[in-house]
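Visitor: Sequence and predicted structure, then a few things I'm wondering about:
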Amino acid sequence: MTEQATVEPLPESPLSLQARDLGLHDSGRWVWRHLSLTVDPGERVALRGPSGSGKTALLLTLAGLIPATEGSVRLGGRPMAQWWMPDYRSRVGYLAQRPALDETDSVDALVSAPFLYRVRSRQAYPREKVEAWLHVLGRDPGFLARRPETLSGGEQQVAALLRLLATNPRVLLLDEPTAAMDADLAGAVQNLLARWQALDSDKSWLWVSHSAGQVSAVADRVVELP
Amino acid sequence: MTDTAYLALGWPQVALAGLLLLVNVGLSVALRLGLAKTLLVAGARMTVQLVLVGLILEWVFALESPLPVLGIALVMATLASVTAANRTRRRFRGIYWDSLLSVVTGSMVVTGVALAGVVRAEPWHDPQYIIPMLGMVLGNSLNGISLGLDRFTSTLYDRGELINSRLALGANRWEAARSEIREAIRTALVPTINSMLVMGVVSLPGMMTGQILAGAAPVDAVRYQMVIVFMIASAAALSSLGAILLAYRRLFNDRHQFLRHRLR
């Protein structure tokens, strides 16, 4: 059984992510409603809000993993409904707070797994880039040979982040990506993401964080959920 | 086949055999297993169910008309599909229809092919062939579907975040569910494969034993048994594959979203 692309892929142009009048109704209540936000190319946006305000649900909705009850999301001006979702999601990359990792023999197999998907059938896994990113994080390439189940919580977040960056998304949706890391590793990850964005200044992110220090370091602008 | 008929049994002889159940009851009481009542209830239920089935079959066999035979086949298939869906711990809306569709398609197709092409019963609806064969096929389809669906829905439920992480990285819905589909089909087929592996070595199949007791030559009985096993295996494979794929279509939409909330 295979899935066909329903639209022609867009050229690699700067993509803005726009949400208009979004609402999500779940378990008898509105998680949020009349919510609009835009993440323009090159913009670094922080998302804040109290626990239970629906930050994760918003990222899942923007990633197209759960349907919004009302409102619309556009990427590059094109409504989400007109995108072939694997294509959409390879441009809008979502990183869960507690990453779920498939059972593999090595971190390398884990990080390269998305290149087995049809949407990337013509792309090669950029292993040299991944090794260079590891270098920025102060880790040697031996990290890639480790078994995923031997990783600490923070290291699992690193592996999941490398896997996401390797797929070269245009917009990152990051759900507390450094929550399980010590301060040193968290700082190194912030540094890595800043360099990654500086190399291609059209790339953007929406970064959920609870730390005021981190927000001021990683964001030009803050969106608050009530 | 020999002309000698089998030794028919009367009710007193059945009652005598029934006394053997008292061995189990005695063991249960002596070892305080707490099973005595359950054993007696199970024995009584089996007796009543089989007597009723015997009466119904006597009636159907005498009618020599296809409609009652098809009616009974449909009732059997419905009961099998409801039982299969009920044994699944995580259910979703539509699971009973999916189960019925898979059971009916898988077992009717296989039984039809076997009756028309292999056994060539005359007439095709001769209940002497269709009812026992369909019964064996349905029993195995039921097991396959319930094992496969149970595995499929419970792994999907437990691995919701993993499935979403695959989708988030660009997997289409088939790529996101493929390994869980494969696991579920393996689970559904393991009992059938295991029983084929040891058949005749560790276990003598009940149907073959029955035919031999009824006076058939062992080689004839073996040929029948082989036909039945091939039918059972293909029906179990077809119907569990069907049920799992139908469940997949209900739990993943064409926006490549995993609808975990549909699992209860």
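Guide: Nice, I can see it. Residues are numbered from 1 along each chain as shown, chains lettered A, B, ... in the order given.
Visitor: Identify the residues contacting the helix or strand bottoming out on mean pLDDT in chain A?
Guide: Least confident helix or strand of chain A, by mean pLDDT, DSSP states H and E, is helix A:212-218 with a mean of 92. Applying Cβ atoms under 8 Å, 6 or more residues apart in numbering or on different chains, the external contacts of helix A:212-218 come out as A:Arg44, A:Ala46, A:Arg48, A:Thr178, A:Ala186, A:Gln190, A:Leu193, A:Ala194, A:Trp205, A:Trp207, A:Ser209, A:Val222. From N, CA and C alone the C-beta is placed, and that goes for glycine too.
Visitor: And those residues, which is the shakiest by pLDDT?
Guide: Checking pLDDT across the contacts of helix A:212-218, the minimum falls on A:Ser209 at 92.
Visitor: Could you tell me how many residues sit around the nearest residue to that one once chain neighbours are set aside?
Guide: Counting by Cβ to Cβ, 6 or more residues apart in numbering or on different chains, A:Ser209 lies nearest to A:Val215, which is 5.3 Å off, once chain neighbours are set aside. A:Val215 has 17 neighbours, counted by other Cβ atoms under 10 Å in any protein chain shown.
Visitor: got it, and B:Phe92?
Guide: Neighbours of B:Phe92 (other Cβ under 10 Å): 19.
Visitor: Residue numbers of the stretch 101-250 of chain B in contact with chain A?
Guide: With Cβ under 8 Å from any Cβ of the partner chain as the criterion, the stretch 101-250 of chain B meets chain A at residues B:159, B:161-162, B:164-175.
Visitor: can you pull the contacts of B:Val227?
Guide: B:Ala114, B:Val118, B:Val119.
Visitor: Mind doing that once more with 7 Å?
Guide: B:Val227 makes contact with B:Ala114, B:Val118, according to Cβ atoms under 7 Å, 6 or more residues apart in numbering or on different chains.
Visitor: Kindly report the same for A:Asp140.
Guide: Counting by Cβ under 7 Å, 6+ apart, there are no residues that A:Asp140 touches.
Visitor: re earlier: buried by neighbour count, from the residues of the stretch 101-250 of chain B next to chain A: which ones?
Guide: B:159, B:162, B:164-173, B:175 (16 or more other Cβ atoms under 10 Å in any protein chain shown).
Visitor: Against B:His256, how distant is the most centrally placed residue in chain A?
Guide: Geometric centre of chain A, nearest residue: A:Tyr94, 3.0 Å, by Cα atoms, centre = their mean. Taking Cβ to Cβ, to the nearest Å as the measure, A:Tyr94 falls 13 Å from B:His256.
Visitor: between those two, what contacts are shared?
Guide: With Cβ under 7 Å, 6+ apart, A:Tyr94 and B:His256 have no common neighbours.
Visitor: that older thread, just name the closest of the buried ones among the residues of the stretch 101-250 of chain B next to chain A to B:Leu204, please.
Guide: Nearest to B:Leu204 among those, counting by Cβ to Cβ, is B:Arg159 at 41.0 Å.
Visitor: so what's the backbone phi/psi at that closest one?
Guide: When quoted as degrees, to the nearest 10, the phi and psi of B:Arg159 stand at phi -100, psi 30.
Visitor: coming back round to it: spit out the contact partners of the residue nearest to the centre of chain A.
Guide: Contacts for A:Tyr94 (Cβ under 7 Å, 6+ apart) come out as A:Leu59, A:Ala63, A:Leu65, A:Leu173, B:Ala168.
Visitor: Mind checking which of the residues you listed land in strands?
Guide: Counting by DSSP state E, those place A:Leu173 in strands.
Visitor: any chance of the contacts of A:Tyr94 in JSON lines, plus distance to A:Gly142?
Guide: Shown next, in JSON lines, are the contacts of A:Tyr94 (distance: Cβ to Cβ, whole Å):
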{"residue": "A:Leu59", "distance to A:Gly142": "32"}
{"residue": "A:Ala63", "distance to A:Gly142": "32"}
{"residue": "A:Leu65", "distance to A:Gly142": "33"}
{"residue": "A:Leu173", "distance to A:Gly142": "30"}
{"residue": "B:Ala168", "distance to A:Gly142": "27"}
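Visitor: will you turn the buried ones among the residues of the stretch 101-250 of chain B next to chain A into TSV that also has pLDDT and distance to A:Arg146?
Guide: Output for these, formatted as TSV (pLDDT from 0 to 100; distance: Cβ to Cβ, whole Å):
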residue	pLDDT	distance to A:Arg146
B:Arg159	97	22
B:Leu162	97	19
B:Asn164	97	24
B:Ser165	97	19
B:Arg166	98	21
B:Leu167	98	26
B:Ala168	98	23
B:Leu169	97	20
B:Gly170	97	24
B:Ala171	98	24
B:Asn172	98	29
B:Arg173	98	31
B:Glu175	98	25
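Visitor: So which residues of chain A form strands?
Guide: A:17-26, A:29-39, A:44-48, A:70-75, A:78-79, A:92-95, A:171-175, A:204-208, A:221-224.
Visitor: Please enumerate the helices of chain B.
Guide: B:11-18, B:21-30, B:36-63, B:66-86, B:95-113, B:127-158, B:160-168, B:173-198, B:206-213, B:218-251 (DSSP state H).
Visitor: coming back round to it: relative to B:Ala80, which of the strands of chain A is closest?
Guide: strand A:17-26 (37.0 Å).
Visitor: circling back to that earlier point, any chance of the strands of chain A in a markdown table, plus distance to B:Ser99?
Guide: Listed next are these as a markdown table, based on distance: least, Cβ to Cβ, whole Å:
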| stretch | distance to B:Ser99 |
| --- | --- |
| strand A:17-26 | 29 |
| strand A:29-39 | 34 |
| strand A:44-48 | 43 |
| strand A:70-75 | 35 |
| strand A:78-79 | 37 |
| strand A:92-95 | 35 |
| strand A:171-175 | 38 |
| strand A:204-208 | 42 |
| strand A:221-224 | 47 |
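Visitor: right, and those - which one's nearest B:Val137?
Guide: Per Cβ to Cβ, nearest to B:Val137 of the strands of chain A: strand A:17-26, 43.8 Å.
Visitor: contacts for that closest one?
Guide: A:30-39, A:54, A:57, A:61-62, A:68-75, A:92, A:171.
Visitor: Mind checking which of those residues are buried?
Guide: A:31-32, A:35, A:37, A:39, A:54, A:57, A:61-62, A:68, A:71, A:73-75, A:92, A:171.
Visitor: Go through those residues and name the one nearest chain B.
Guide: The closest of the buried ones among the contacts of strand A:17-26 to chain B turns out to be A:Val92 (Cβ to the nearest Cβ; 8.9 Å).
Visitor: separation between B:Leu40 and B:Gly18?
Guide: Taken as Cβ to Cβ, the span from B:Leu40 to B:Gly18 is 11 Å.
Visitor: got a list of what A:Tyr88 touches?
Guide: Contact analysis of A:Tyr88 by Cβ under 7 Å, 6+ apart lists A:Gly64, A:Leu75, A:Met80.
Visitor: Redo the contacts of helix A:212-218 as TSV? Include distance to A:Thr167.
Guide: Shown next, in TSV, are the contacts of helix A:212-218 (distance: Cβ to Cβ, whole Å):
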residue	distance to A:Thr167
A:Arg44	19
A:Ala46	23
A:Arg48	26
A:Thr178	20
A:Ala186	22
A:Gln190	20
A:Leu193	15
A:Ala194	19
A:Trp205	14
A:Trp207	18
A:Ser209	22
A:Val222	27
